[in-house]
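Engineer: fold the following for me, if possible:
(2 chains)
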There are 2 protein chains.
Amino acid sequence: MPKLKKVRVKRGNLVLEGYLMPKHAFSSEDIVVIKLKNGYNVGLKADEVEFLEEVEIESSEKKGGAEEGEITLIGTGGTIASFVEYSTGAVKPAMRSEDFLNYAPELNEIAQIKPLMLFNVFSEDMKPHYWTKLAEKCAEEIRNGAKGVVIAHGTDTMHYTSSALAFAVQNLTSPIILVGAQRSSDRPSSDAHMNLLSAVRVAKSDLGEVCVVMHATTSDDKCAIHRGTRVRKMHTSARDAFRSLNSEVLGYVDREGKVEIFPHARKRAEGDIILREKFSEDAALVYYYPGASSEILDFFADKYHAIVIMGTGLGHVGEDWRKRIKDITKDGKYIFITSQCLYGTTNLNVYSSGRELLKNGAIPLGDMLPEVALVKAMWTLANYDYEEVGKIMVKNIVGEVSERRFSPWLR
Amino acid sequence: MPKLKKVRVKRGNLVLEGYLMPKHAFSSEDIVVIKLKNGYNVGLKADEVEFLEEVEIESSEKKGGAEEGEITLIGTGGTIASFVEYSTGAVKPAMRSEDFLNYAPELNEIAQIKPLMLFNVFSEDMKPHYWTKLAEKCAEEIRNGAKGVVIAHGTDTMHYTSSALAFAVQNLTSPIILVGAQRSSDRPSSDAHMNLLSAVRVAKSDLGEVCVVMHATTSDDKCAIHRGTRVRKMHTSARDAFRSLNSEVLGYVDREGKVEIFPHARKRAEGDIILREKFSEDAALVYYYPGASSEILDFFADKYHAIVIMGTGLGHVGEDWRKRIKDITKDGKYIFITSQCLYGTTNLNVYSSGRELLKNGAIPLGDMLPEVALVKAMWTLANYDYEEVGKIMVKNIVGEVSERRFSPWLR
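Structural biologist: Numbering: from 1, shown residues only, chains lettered A, B, ... in the order given. Now for the predicted structure:
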């Protein structure tokens, strides 16, 4: 654990109070960084600063905060655990698990934190085998008594990982909370600080789901709690990039740390968690567009057993694709239909082209998000008999799809 | 032109006023359909209805409405020109160009309408060669004096078509307005009526752009005018499915028909339109996701000269894809980067994986929508020298991208 100090410093007429930020691998020796109460960092030239007061903070670990329950904080890489390398302006990943704790010293006052660095990849480099590793580590921590698990994750593919964990670790006796940052943690405008604090607070709550906790608005007024299977990164850079689609958010954490959880959120389960952590790479996601040759579909059908198509509107594809789908499903492969609209539900009963798709064996997935459908297909292929895959895909397992009669496969 | 009648009818104690709807191919003989002032249709049993008053409407054509300017209304198929086949509940396309005029008899009072049916396909069956046909027809109509062109189009791929026309028909002396319906035109909740009326009103305005006009909200209070290169269908079924992304709407048409156009909209151009109507099918759109094999990228690179990738976050892809992109661009092919977030802009300068993409020859497309990038690539390949394609792609042609220094290709 890094040593934490609350300080009061003076530079000229300016007096500032806050936490003295520990040095990290890329810190300048001649700069003192103070994290103010509002979460912003201020950097001051070391030789211009006079220290008026320094108090070493006892972490809740030392204080015996175990009655609050221990929270495991897993680092996986990404912006939330990264620094700006000032020489190049580039963002570099943190090297040590303690590093990202440094940025929110107050964490130690909220909960007893057990930091651990599982791996260190940018989230665009995530692969299904990392989801397996993460699921196993979450299961291990929860079974060993962690009252909650917080995963610091790159935002690019955080929603893929959250849905993967939702399928892989079920009957959650402790919540698994993914959190990230859209701005690196030592930029003044970083959202890392508030997101991380909010995530730990949600991890201590009575929630029993895999969630994503991120800024709810572009200002610092609250964080939203999103269901892991209903969330999507909808903006490349905004702080409130993450949105719940086709589903209400599960709750909010306000600036003061008050956690509000809505009634439709699942509570902590009883008993033991259920771990089904395997993922198959025998599924693919394909985008349909006007002029997309059916040879594209043929390529995917040759290579994969389950193909999730992002169709247009209610879940449509062009005539040549509709015809080819008949042959592909006859070969015993699965064609799943989602919509590139993202919002709303598939419905293949409205138009004749939709009904042709149904007749040709395509399976519509209702209001399931395309990325979630892909992850679920990878998970279902690895954990169920091949004949069962279609039925599992249309069934609601962890809140990923609204159970309506959107599919003849649902009875 | 169908004969239009304003009627007042009585059924029991109920007195209704409105337009008597003409029969169409799927009409029941024993049902009288009245379109009320609020745009809703009411169906009454013919033998229970007493006609109190019938007035035949003179269309503006007959009245010599030409001073208002003639608007060409082009049918291409889709829900806006479709009927519910009551025997099966299926939605069938309209067969005649007059049919979709029947659903908004008031059109004849707003403008002199020249209806024509160019083709009849569901929009999921649209292909680039249809865009060419449409562009040629729009050019012909505008050059022959049409004061505006309204295209009734299926909603699934309307945003692909709108961006295709924006590139293909430039220097617009008359606007080209695409309009659709999310509910078929003889359902009581249809949005066809208000959308069509609003579109014709925008076609008469001083706008000089290709636009999409659709419901702005889920109620019937106003329609939004979207720039054709900035709009996307964001919901499978809602009336307000169409949204402007990374750009403000160009204006609104309210319930009373008042057209408000904002200052950033382009006005009608002077001189002659510029027609570049060809599209190449040598471009493709590919969705990146965790676990996506680089063999997918290889397949597309073998088959196409321009590949638009929907990357994660700021425009990232995994390590194996980054490495392969180097070889592909060395082979002289184009790799364009957009974001699957949809909102926001690509930025490959923030993270090392992004800078690797830049170094390997990938070309980021800023805040251009992925579908628009695909259509633009198809258009650029067909209308410019191959060596120029990269430069044209990053340049703002018709409002499809914000001109910032997002790309080293922009000087």
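Engineer: pull out the buried positions in the lengthiest helix in chain A.
Structural biologist: The longest helix of chain A (DSSP state H) is helix A:128-143. Applying a neighbour-count criterion of 16 or more other Cβ atoms under 10 Å in any protein chain shown, one finds A:128, A:130-132, A:134-135, A:137-139, A:141-142 buried in helix A:128-143. C-beta here means a position set from N, CA and C on the backbone, and glycine is covered the same way.
Engineer: next one: stretch A:247-262
Structural biologist: Those buried within stretch A:247-262 under the rule 16+ other Cβ under 10 Å are A:247, A:249-253, A:259, A:261.
Engineer: out of those residues, flag the one nearest to chain B.
Structural biologist: Within the buried residues of stretch A:247-262, proximity to chain B (Cβ to the nearest Cβ) peaks at A:Ser247, which comes in at 14.0 Å.
Engineer: wait, is the closest one part of a helix?
Structural biologist: No. Under the criterion used here (DSSP: H, G, I helix; E, B strand; the rest coil), A:Ser247 is coil, not part of a helix.
Engineer: so A:Met234 is in contact with B:Cys341, correct?
Structural biologist: Yes. A:Met234 lies in contact with B:Cys341 (Cβ atoms under 8 Å); the separation is 5.8 Å.
Engineer: strands of the stretch 201-350 of chain A, residue ranges please.
Structural biologist: In the stretch 201-350 of chain A, the strands defined using DSSP state E, counting those that start in this stretch lie at A:210-215, A:222-227, A:231-233, A:242-244, A:251-254, A:259-261, A:274-275, A:283-287, A:306-311, A:334-339.
Engineer: adding distance to chain B, write the ones you listed out as JSON lines.
Structural biologist: Shown next, in JSON lines, are the strands of the stretch 201-350 of chain A (distance: least, Cβ to the nearest Cβ, whole Å):
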{"stretch": "strand A:210-215", "distance to chain B": "13"}
{"stretch": "strand A:222-227", "distance to chain B": "15"}
{"stretch": "strand A:231-233", "distance to chain B": "5"}
{"stretch": "strand A:242-244", "distance to chain B": "9"}
{"stretch": "strand A:251-254", "distance to chain B": "21"}
{"stretch": "strand A:259-261", "distance to chain B": "26"}
{"stretch": "strand A:274-275", "distance to chain B": "20"}
{"stretch": "strand A:283-287", "distance to chain B": "5"}
{"stretch": "strand A:306-311", "distance to chain B": "7"}
{"stretch": "strand A:334-339", "distance to chain B": "5"}
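Engineer: mean pLDDT and distance to B:Met393 added to those strands, as TSV?
Structural biologist: Shown next, in TSV, are these (pLDDT from 0 to 100; distance: least, Cβ to Cβ, whole Å):
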stretch	mean pLDDT	distance to B:Met393
strand A:210-215	98	32
strand A:222-227	98	34
strand A:231-233	98	24
strand A:242-244	97	29
strand A:251-254	98	41
strand A:259-261	98	46
strand A:274-275	98	47
strand A:283-287	98	19
strand A:306-311	98	23
strand A:334-339	98	27
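Engineer: of those, flag the one that's most buried.
Structural biologist: strand A:210-215 (a mean of 30; mean count of other Cβ atoms under 10 Å in any protein chain shown).
Engineer: quick one: list the elements packing against it.
Structural biologist: Where contact means 3 or more Cβ pairs under 8 Å, 6 or more residues apart in numbering or on different chains; DSSP states H and E, strand A:210-215 is packed against helix A:158-168, strand A:176-179, helix A:192-203, strand A:222-227, strand A:242-244.
Engineer: repeat that for 7 Å
Structural biologist: helix A:158-168, strand A:176-179, helix A:192-203, strand A:222-227 (3 or more Cβ pairs under 7 Å, 6 or more residues apart in numbering or on different chains; DSSP states H and E).
Engineer: and the helices in chain A?
Structural biologist: Secondary structure of chain A (DSSP H): helices at A:99-102, A:107-110, A:128-143, A:158-168, A:192-203, A:294-303, A:319-330, A:352-359, A:370-383, A:389-394.
Engineer: for A:Lys267, give the beta-bridge partners.
Structural biologist: A:Leu207 (DSSP bridges).
Engineer: how many neighbouring residues does it have?
Structural biologist: When neighbours are counted by other Cβ atoms under 10 Å in any protein chain shown, A:Lys267 registers 14.
Engineer: please apply the same query to A:Thr173.
Structural biologist: There are 15 residues near A:Thr173, going by other Cβ under 10 Å.
Engineer: over to the one 3 residues further on?
Structural biologist: A total of 31 residues lie near A:Ile176 under the criterion other Cβ under 10 Å.
Engineer: that one contacts A:Val150, doesn't it?
Structural biologist: No. The pair A:Ile176 and A:Val150 does not pass the contact test of Cβ atoms under 7 Å, sitting 8.1 Å apart.
Engineer: check contacts around the residue most central in space within chain A.
Structural biologist: Closest to where the C-alpha atoms of chain A average out (Cα atoms, centre = their mean) is A:Met158, at 3.5 Å. The contact partners of A:Met158, by Cβ atoms under 7 Å, 6 or more residues apart in numbering or on different chains, come to A:123, A:178, A:180, A:212, A:233.
Engineer: sorry, back to before: please identify the deepest-packed of the helices of chain A.
Structural biologist: Of the helices of chain A, helix A:158-168 is the most buried (mean count of other Cβ under 10 Å), at a mean of 28.
Engineer: and it, how far from the chain's centre?
Structural biologist: 7 Å (Cα atoms, centre = their mean, to the nearest Å).
Engineer: repeat that for stretch A:218-225.
Structural biologist: Computed by Cα atoms, centre = their mean, the chain-centroid distance of stretch A:218-225 equals 16 Å.
Engineer: now do stretch A:142-151
Structural biologist: 16 Å.
Engineer: next: stretch A:152-163.
Structural biologist: Using Cα atoms, centre = their mean, the offset of stretch A:152-163 from its chain centre is 4 Å.
Engineer: what do you get for stretch A:29-47?
Structural biologist: Using Cα atoms, centre = their mean, the offset of stretch A:29-47 from its chain centre is 30 Å.
Engineer: distance between the ends of it?
Structural biologist: This stretch, stretch A:29-47, spans 11 Å end to end (Cα to Cα, to the nearest Å).
Engineer: having no further points to raise, I will conclude here.
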